[in-house]
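[1] Dropping a prediction and its sequence here:
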Amino acid sequence: MRPTLHPLRSERWWGLLLVVPALVIIGTFGVLPTLASFLIGFTDWDLLGTPRWVGLDNYRSLAADPVFPKVIANTLLFVVLYLLLDLVLALALALALNQKLRGLGFFRTAYFLPVVTSMVAVSIVWEWIFDPRAGALNEVLRWVGLGPVHWLSDPSTALPSLVVMSVWKSLGTNVVLFLAGLQALPGEVLESAEVDGATGWQRFWHVTLPLLGPTVLLVGILASIRAFQTFDSVYIMTHGGPRRSTTVVVYWLFQNAFTYFKLGKASALAYMLFGILAALTWVQWALRKRWVHQEQDA
Amino acid sequence: MSRVSRRVLSALLAGWASVLLGACTSRPDVGLRFSTWGSLDEIATLRPILEEFTRREGIPVDLIHIPDEYAHKLRLMVVGGSVPDVMFMSNEALPGFARRGVLADLGPRLVKDPAVRESDFFPQVLEAMRWKGALHGLPRDLSNLVVFYNKDLFDAAGVPYPKPGWTVADLERIAPRLTIPGRQWAIGFQPNPLVWTPWVWSFGGDVMDAGMTRCTLGEPEARAGLQFYLDLRHRHRVAPSDKDTGNARMTQLFATGKLAMFVYGRWAVPGYRRKINFRWDVTTFPSGPAGSVVDTDASGWVMSARTRHPDAAWKLIRHLAGKQSSEAFTRSGLIVPARPDVARSPVFLSGAPAGNRVFLDVIAKGRPTRVPPAYDEITWELIDGLGPVWTGEETLDRALPPVVRRIDALLAEVR
């Protein structure tokens, strides 16, 4: 073969040229901001002035900020409630939808509808549902002689209310994932368990659930990442209130960056969140050996 | 690689290059960029005023309407280098921009230009557009707080209407007669700092000292004001609790005839003119030991220090702040105009409420809200920290010290 003279004639050059768009986009909007925010975390900057190097001051002031532990506690509470509700409900629904029922296609679509709906629209509709005077939820409670509950304006119910809405919104995704997992289960194993006289509950607990391990792990990791990133519903429905009871970490980060214009503090917070998430992911990963029976050792 | 696929690839690359280049070239310079917030009604009033300007001066205006989070989005535009030539701005947002040199000093232009004079505006309102002595904007309107009251509820209770100059003692005396537990309350209750600071001021206290170096809410006068306000709700029970109101806003409670009185501003007037089906009027905020003191805040038009068309921008600001425009803005009832010639004309004084003059009479004693660099965060701290006090879960004595400490720290932070 003749040596290539023109660079554009070489396939290698073509290859490089073709990845340039992806590199530019990821570099500009992913890598650079990530590196920049790490550096900004060591400065005092309000976007308009010149950044001033302050070393670890932002991390220190975060550690001393009385709001910080509250925000972390809110976030963890949100994640735990969300994970519990989400996993249990999604699995239960997936099991139900895995039966041979009539109108199955309809139900599968119905549970997936909230997933494809915009969070802004969902939040506004749920604001009406949660309204203490005219809302549907309190109307139902009134029929049974309860309420009214001030769902979003009472510090003790605001966060759980947001969790319920978030679970409703994302349930469909997890149902689909669980359904896929259920349908991939080896039928023989379940059949032999049935032949051995295992009851429905025993079959679920000792056969289905352990075999579903990888799916549970996947759904768990995805759901906890989603829960940690909760922002839009808080921004629209509660603005972090009442009394910071729904100020989760990403919302507080946004507030520091774009309401108080403390870019340094916000960046430091982002890296602290990164640390927490990395640690949690490591724990989940370490625990997978115990949960996941099916995975083959690499 | 085949000829065809190469051609496709070349086309793709060319497309990509043009996208990159397109992002780098600046937009063509067509005229003035002008940003504002406001409802669609306000924009509908504004558009003809801008069209008139373009017709007269031959300068097109690109209107940027930012209905929500205005000051924050504007700051991001400044950072992105796309700051509008002319911006509508409140006196609460102004220092944050002026401090960073974003705004042009309009003082010299006002002195030189024979078409507009300082005396065209209320001095207190012009003052609110200054930062460290430099005038940064011509004001459109001023905003202050008055007491809206429901005449029908006063008549039903046989209580004479509150007259300008009435006192907090008068309020305490008549309030129980205007309250029907669970159904009707004498006065609204808002945990928003904007609405409760007049109680603090009228009792001789303040949120912070004049130099904005420390929080003074812990001092006896300020505490007395806060305690008085709190007692309306928890001791005398003449103001509704959170349980009473639910998610309804105070302004809705007033509009539906459940409140005899309600402390609020001019912006409520257009809605009340349309919706309210009882007789209503306004009076002054009740006088405390230090008099009846409410805020005099303002909004106006400022100019970017970096505009490439300062002369055209000034012409636009002058046009917007002129008598004709001011009359157009005033007609809907939404604003108290910053111009005495319009404020004292039937354009402002006619139409409900009958006591329109009250909005003007309180200007003399009003004071602009103090705006330190950490203003937004301090406001959050006040809402957040005093929340349990307003609901009655905590006493003022217990809640106040940590709030004062936090605000002191925020005031010390950026100096």
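    Here it is on my side, so go on.

[2] buried residues in the lengthiest helix in chain A?
    Looking across chain A with DSSP state H, the single longest helix is helix A:67-97. Burial within helix A:67-97, assessed by neighbour count using 16 or more other C-beta atoms under 10 Å in any protein chain shown, is assigned to A:67-68, A:70-72, A:74-76, A:78-79, A:81-83, A:85-87, A:89-91, A:93-94, A:97. Where you see a C-beta, it was placed from the backbone N, CA and C, and this is true even at glycine.

[3] gap between it and the chain center?
    9 Å (C-alpha atoms, centre = their mean, to the nearest Å).

[4] Next: stretch B:292-310.
    Here the centre of mass of C-alpha atoms in stretch B:292-310, compared against the chain's by C-alpha atoms, centre = their mean, lies 12 Å away.

[5] ok, it near chain A or not?
    No. With C-beta under 8 Å from any C-beta of the partner chain as the threshold, stretch B:292-310 lies outside contact range of chain A, at a closest distance of 11.7 Å.

[6] And the longest helix of chain A, what does it pack against?
    In terms of contact count using 3 or more C-beta pairs under 8 Å, 6 or more residues apart in numbering or on different chains; DSSP states H and E, helix A:67-97 is assigned the packing partners helix A:104-116, helix A:158-183, helix A:213-228, helix A:249-254.

[7] Please repeat the previous calculation with a cut-off of 6 Å.
    Helices and strands touching helix A:67-97, as assessed by 3 or more C-beta pairs under 6 Å, 6 or more residues apart in numbering or on different chains; DSSP states H and E, comprise helix A:158-183, helix A:213-228, helix A:249-254.

[8] pLDDT score assigned to the residue positioned nearest the centre of chain A?
    Centre of chain A computed as the mean C-alpha position; nearest residue by C-alpha atoms, centre = their mean is A:Arg226, 0.7 Å away. Among the per-residue scores, A:Arg226 shows a pLDDT of 87.

[9] Name the nearest residue to it, sequence neighbours excluded.
    A:Ser170 (6.3 Å; C-beta to C-beta, 6 or more residues apart in numbering or on different chains).

[10] residues near that neighbour, how many?
    Residues contacting A:Ser170 under the criterion other C-beta atoms under 10 Å in any protein chain shown number 20.

[11] same thing with the one 5 residues further on?
    The number of residues packed near A:Val175 is 26, by other C-beta under 10 Å.

[12] you'd agree it is up against A:Phe112?
    No. With contacts counted by C-beta atoms under 6 Å, A:Val175 stays clear of A:Phe112, the gap being 7.4 Å.

[13] how much space is there between the residue nearest to the centre of chain A and A:Gly27?
    With distances taken as C-beta to C-beta, to the nearest Å, A:Arg226 is found 26 Å from A:Gly27.

[14] again, but for B:Val195
    From B:Val195 over to A:Gly27 the distance is 49 Å, taken as C-beta to C-beta.

[15] could you measure the residue nearest to the centre of chain A against chain B, distance?
    Taking C-beta to the nearest C-beta, to the nearest Å as the measure, A:Arg226 and chain B are separated by 25 Å.

[16] And the closest residue to B:Ser82 other than its chain neighbours, which helix or strand is it part of?
    The spatial neighbour of B:Ser82 that comes closest, neighbours along the chain excluded (C-beta to C-beta, 6+ apart), is B:Arg33 at 7.9 Å. When elements are assigned from DSSP states H and E, B:Arg33 belongs to strand B:32-36.

[17] List of residues touching that strand?
    Taking contacts as C-beta atoms under 6 Å, 6 or more residues apart in numbering or on different chains, the residues outside strand B:32-36 that touch it are B:Val61, B:Asp62, B:Leu63, B:Ile64, B:Ile66, B:Pro84, B:Asp85, B:Val86, B:Met87, B:Phe88, B:Ala312, B:Leu316.
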